[in-house]
Each structure stands twice: as structure tokens, then as C-alpha cells.
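A.B. asks: Fold the following and give me the result.
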Amino acid sequence: LKFTRSLSKMSWKPTVRNVAAFFVGALVSIPANFLLLGPLGQLLGSPDPPTASPMEEPDVWKQFIQSLTPLHLLGPLIAHWNGAFSGALAASLIAVDRRVNI
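C.D. replies: Numbering: from 1, shown residues only. Down below sits the predicted model:
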């Protein structure tokens with residue numbers, strides 16, 4: 001009985017705010033990722049991917065992936081880190097409890 005009483009007194013505003021924080025964080029992370037992905041690829045000299053899909057030409061894609069160096073993979077890595085950090089930052093600013101639990 002105590003549990004049901006506490007549910008009726010509970011405010012739903014924090015829950016709605018936390019759910020909104022999740023979606024805003026997800027929406028912020030996508031453009032933050034793509035804003036760096038293209039320029040870093042050009043800056044690091046990443047080759048253009050094949051035009052055929054991997055299902056149509058698996059050998060072409062295999063050669064392409066094998067031709068990439070660790071330097072070429074640095075751009076996507078940094079861009080994805082940026083997207084994850086930006087999304088997490090946006091979500092933490094909106095969320096009710098701003099503690100970071102590690």
C-alpha cells in the first residue's frame with residue numbers, strides 16, 4: 001500500500017524531462033557527428049568509398065577496407081566521439097539529475 005500511495009504523489013515532470021533529454025541528446029549527436037565526419041575525411045586524405053554496394057561488389061569493398069590506414073580511421077573515430085560527447089552534454093543539461101554516473 002505504501003508503494004501505491006507514493007506513486008500517486010509522484011510528479012511526472014522529472015520523468016518527462018528525462019525522456020526529453022534522451023531524445024534531444026540523440027538528435028544533437030547526429031549532426032555533431034556528421035559536421036566533423038566529412039571535413040576530417042578530407043583533411044586526413046581518406047579515399048572515396050566505392051559506388052557499388054557491399055552486397056553487389058564485396059571484393060571491391062574488401063580491397064577498399066584493406067587499403068585504409070589507421071590515419072584514415074582517425075577521422076571517423078573523432079567524429080563519433082564528438083557526436084557522443086555532444087549528445088551526452090545536451091542530455092545532461094536538460095535532465096533533472098545532472099550527476100554523471102561512471
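
A.B. asks: so where do the helices sit in this protein?
C.D. replies: Secondary structure of the chain (DSSP state H): helices at 2-9, 13-43, 58-67, 70-94.

A.B. asks: Kindly reformat those as a markdown table and extend each row with distance to P50, mean pLDDT and mean neighbour count.
C.D. replies: C-beta here means a position set from N, CA and C on the backbone, and glycine is covered the same way. Below are the helices of the chain laid out as a markdown table (distance: least, C-beta to C-beta, whole Å; pLDDT from 0 to 100; neighbours: other C-beta atoms under 10 Å):
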| stretch | distance to P50 | mean pLDDT | mean neighbour count |
| --- | --- | --- | --- |
| helix 2-9 | 56 | 50 | 7 |
| helix 13-43 | 15 | 90 | 14 |
| helix 58-67 | 5 | 94 | 12 |
| helix 70-94 | 15 | 92 | 15 |
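
A.B. asks: So L74 sits against S46, correct?
C.D. replies: No. With contact defined as C-beta atoms under 8 Å, L74 does not reach S46; the gap is 9.3 Å.

A.B. asks: Not counting sequence-adjacent ones, nearest residue to V96?
C.D. replies: In this structure, V96 finds its nearest non-sequential neighbour in P14, 4.2 Å apart by C-beta to C-beta, 6 or more residues apart in numbering.
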